[in-house]
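A.B. asks: model the structure of this input:
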Amino acid sequence: MSGFGNDYGEPRSARGDDDSRGNGSSTEPPRGGGPRTGHAGARRKVLALAMDGASPALLRRWAADGVLPNLARLIGAGAHGVSRGLEHFFVGSTWPSLYTGTSPADHGHHSLIQLCPGRYDYHAMADRKLVKRTPFWEHMSRAGRRVAILDVPLSALSQDLNGIQTVEWGSHDAVYGFRASTRELEREIESSFGAHPLGPSCDGLRRSAEDYEAFVSRLVAGVERKTQLTLAMLRKESWDFCVQVFTESHCAGHQCWHVHDPAHPAHDAAIRSAVGDPLERVYRAIDRGIGEIRAAAGDETTFVVFSAHGMSYWYGAQLLLNDVLIRLGVAAPLPPSQPLRRPLRDALLDLAGRGWRRLPQPMRERLMPLRRRLAEAGTAKTMPSLGVDAARSLCFPVYNGLVEGGIRLNLAGREPNGRVQPGAEADAFYADLRRELLDIVDERTGHRLVRDVLRTRDVAEGEHLDDLPDILVVWSDEVPTGSIVVGSGAGAEIRAHSPRIGVVEGRNSFGRTGEHRPDGFGVFVGPGIPPGPLPADFSILDYAPTFATLVGVEIPGLPGRSIFEITACAARPVG
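C.D. replies: Below you'll find the model as predicted:
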């Protein structure tokens, strides 16, 4: 099937070859009113399993090669196709967009760390209600459907749910900590399954084959335990809708892409030989879990396996954005009384990365505790500084993940010390800034460092548009970026230049080597669903109305549409 990239998971959209968002497989959009049940006899039971952050290219390749036999059987028996994430917002906001069926401009969440309204500092997702739209399972619940919602990322506990819910028993992004819909369910899970073998975070400093073997083994054990937990929840009753998310594939992709991909600058053939392919091992474990859960579900259940967004190598130059804006004279540096601590830590990590293998083994053993503390300090969940004096700036960077930078205008009438007037002045400022950013050359490639610069209002609309960055900086993904804390530090240095900024340079100290891409994958198997490729790509916004329609509930006002080839069967009674 078209739409998948090379063997290392690079989809078409990563190169800009195809920026379409086809929704040709959809029905009419929802009508107004509250949640409604479907036609008599139009209910299906649905069981959905997500392979979070799994590469669609690898899923298809390994299914075809026999590495993932259960997924292969599902592809042969069901309708399958490419899903499209929301361009420019396909990292931290993917799951809120999927489970609300709305864009970040509607639900208000674009990142785990967002700007406090009316201030020049950040707050975290857990600090306040960032997702301002209703998850699809709450609509199902209010319509009388029994639901089991297990470990859906970046979702808080729903109140008065008609069913059960768990949050972050095993999750890539630990925002709220492990919780369940009742204290009794929490105790049952803790007693029967304990904690996830990996713990609350997959980020960490790993150097040796032993480190990676321990990490991958814990991920595989987590998949196996999560499979048994899911089966236990399925034995409780026959749910109208159940979803479980295997976030272990997400962790493996971020942390081990360089072990998987021989072309990555941090690839170590000795580690690969000792550990094998970490992604393949984790995907195999999930595939085994899919087989067990599918057998327990029964043939009358509509069974869905999907990946909401993909994975490939880490790229971009977000670490240079502050310096670039300062050099351009549009952002003011922090005063000397507020020095940044991060550069010192990065310098120490850089020294450790470049010279680590040349140190004698006894010295490396003595320095390892310090090295681990430095790396852990870089991944600690503390609120970062904006990195510039935002009150004195015309614009300032805001966090939007790392593959696409965010910039917020210091807009008069909106920000506390606004300096740019809305309207013509803001338009002219954006045009000038765009031109300057596109003029920067990446010395690694001789080509543009920035692939595009966009105004958010031109690519998104909604009542919470002001919660998002005003300007999006789309970094070129022409080459992977290494890290000073992974392997020998190869590929971690980025140098760029333009007539206005001169030369800026930095070394990446972020320990992930895999990063998301917007393409995903979905396969749907069930009564009346015709097997074969779907005729068009579909949006992740289509999952919520599709799931709802299958269980006989209509959610009004969503921008996505039910996928016709999937939901047409719901109009026919089973049997």
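
A.B. asks: low pLDDT regions in the protein?
C.D. replies: By pLDDT under 70, the weakly predicted segments of the chain are 1-42, 125-128, 337-383, 570-575.

A.B. asks: can you give me the distance of the residue positioned nearest the centre of it to His516?
C.D. replies: In the chain, the centroid-proximal residue (C-alpha atoms, centre = their mean) is Val91; its distance is 3.7 Å. Separation of Val91 from His516 (C-beta to C-beta, to the nearest Å): 5 Å. C-betas here are computed from N, CA, C, even on glycine.

A.B. asks: show me where the stretch 351-500 of the chain has its strands.
C.D. replies: Using DSSP state E, counting those that start in this stretch, the strands found in the stretch 351-500 of the chain span residues 395-398, 404-409, 441-442, 447-448, 450-455, 471-475, 493-498.

A.B. asks: could I get those as TSV with distance to Gly81 and mean neighbour count?
C.D. replies: Compiled in TSV, these are given as follows (distance: least, C-beta to C-beta, whole Å; neighbours: other C-beta atoms under 10 Å):
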stretch	distance to Gly81	mean neighbour count
strand 395-398	34	24
strand 404-409	25	24
strand 441-442	34	18
strand 447-448	32	15
strand 450-455	26	18
strand 471-475	25	23
strand 493-498	36	19
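
A.B. asks: redo those as JSON lines? Include distance to Gly482.
C.D. replies: Below are the strands of the stretch 351-500 of the chain laid out as JSON lines (distance: least, C-beta to C-beta, whole Å):
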{"stretch": "strand 395-398", "distance to Gly482": "22"}
{"stretch": "strand 404-409", "distance to Gly482": "19"}
{"stretch": "strand 441-442", "distance to Gly482": "14"}
{"stretch": "strand 447-448", "distance to Gly482": "18"}
{"stretch": "strand 450-455", "distance to Gly482": "20"}
{"stretch": "strand 471-475", "distance to Gly482": "15"}
{"stretch": "strand 493-498", "distance to Gly482": "8"}
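
A.B. asks: need the overlap of contacts for Val91 and His516.
C.D. replies: Here Val91 and His516 have 309, 401, 403 as joint contacts, going by C-beta atoms under 8 Å, 6 or more residues apart in numbering.

A.B. asks: for Thr94, what are its contacts?
C.D. replies: 85-86, 308-309, 516, 540.

A.B. asks: isn't the residue nearest to the centre of the chain right up against Gly401?
C.D. replies: Yes - taking contacts as C-beta atoms under 8 Å, Val91 lies within contact range of Gly401: 3.6 Å.

A.B. asks: and the next element down the chain from the longest helix belonging to the chain?
C.D. replies: Determined from DSSP state H, the single longest helix within the chain is helix 209-236. Later in the chain than helix 209-236, the nearest helix or strand by DSSP states H and E is strand 241-246.

A.B. asks: check which helices and strands that following strand sits against.
C.D. replies: Applying 3 or more C-beta pairs under 8 Å, 6 or more residues apart in numbering; DSSP states H and E, one finds that strand 241-246 contacts strand 46-51, helix 136-142, strand 147-150, helix 209-236, helix 278-297.

A.B. asks: before we move on, back to that, shared neighbours of Val91 and Gly401, anything?
C.D. replies: Any residue near both Val91 and Gly401 by C-beta under 8 Å, 6+ apart counts here, and that gives 111, 516.

A.B. asks: got the phi and psi for the nearest residue to Leu541 once chain neighbours are set aside?
C.D. replies: Leaving aside its sequence neighbours, Leu541 sits nearest to Gly560 (C-beta to C-beta, 6 or more residues apart in numbering; 3.2 Å). Backbone torsions of Gly560, given as degrees, to the nearest 10, read phi -80, psi 170.

A.B. asks: thought Gly560 was touching Gly101?
C.D. replies: Yes - using C-beta under 8 Å, Gly560 is in contact with Gly101, at 5.1 Å.

A.B. asks: tell me which of those two has more neighbours.
C.D. replies: Comparing Gly560 with Gly101 by other C-beta atoms under 10 Å, the one with more neighbours is Gly101, at 30 against 25.
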